[in-house]
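# when you get a sec, could you give me coordinates for this:
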Amino acid sequence: MENHFTVYILECSDSTFYTGSTNNLKKRLNEHNHLKSGAHYTKIRRPVVLRYKEKCNTFNKARKREAEIKCLTREEKKRLIEKK
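Numbering: from 1, shown residues only. Below is the predicted model of the structure:
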């Protein structure tokens with residue numbers, strides 16, 4: 001089985017965006033919405049909804065892409081989400 005990583009953008013209940021990366025998106029979304037192991041940012045802004053995802057072949061590429069997306073303005077993130 002080939003490993004891959006996913007970079008994702010969540011929309012929180014307060015309409016803010018959260019960007020992250022993982023090798024198990026389904027598990028991570030469950031953590032964000034239901035468990036204590038979710039990011040503090042999303043724990044206090046539940047529920048969160050997946051708005052964007054992008055596959056990367058390696059952990060390093062995923063983390064680099066995550067950092068790039070985090071540097072985008074809110075409007076740039078909205079355009080990225082709309083393009084999917």
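# CA only for contacts and neighbour counts going forward, please
Noted.
# what's the spacing between Tyr41 and Arg79?
22 Å (C-alpha to C-alpha, to the nearest Å).
# ditto for Tyr18
Relative to Arg79, Tyr18 is positioned 15 Å away (criterion: C-alpha to C-alpha).
# neighbour-wise, which of those two wins?
Tyr18 (19 against 11; other C-alpha atoms under 10 Å).
# list the contacts of the residue lying closest to that one once chain neighbours are set aside.
What sits nearest to Tyr18 in space, not counting adjacent residues and going by C-alpha to C-alpha, 6 or more residues apart in numbering, is Leu10, at 5.1 Å. Leu10 makes contact with 17-19, 48-52 under the criterion C-alpha atoms under 8 Å, 6 or more residues apart in numbering.
# element containing Leu10, please.
Assigned by DSSP states H and E, Leu10 belongs to strand 5-11.
# export that strand as CSV, just CAs?
Output of strand 5-11 as CSV, limited to C-alpha atoms (Å, rounded to 0.1, in the frame of the first residue of the first chain):
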residue,chain,number,x,y,z
PHE,A,5,-0.3,12.6,3.2
THR,A,6,-3.1,15.0,2.9
VAL,A,7,-3.1,18.8,3.4
TYR,A,8,-6.5,20.1,4.4
ILE,A,9,-8.5,23.2,5.2
LEU,A,10,-11.3,23.1,7.7
GLU,A,11,-14.0,25.7,8.2
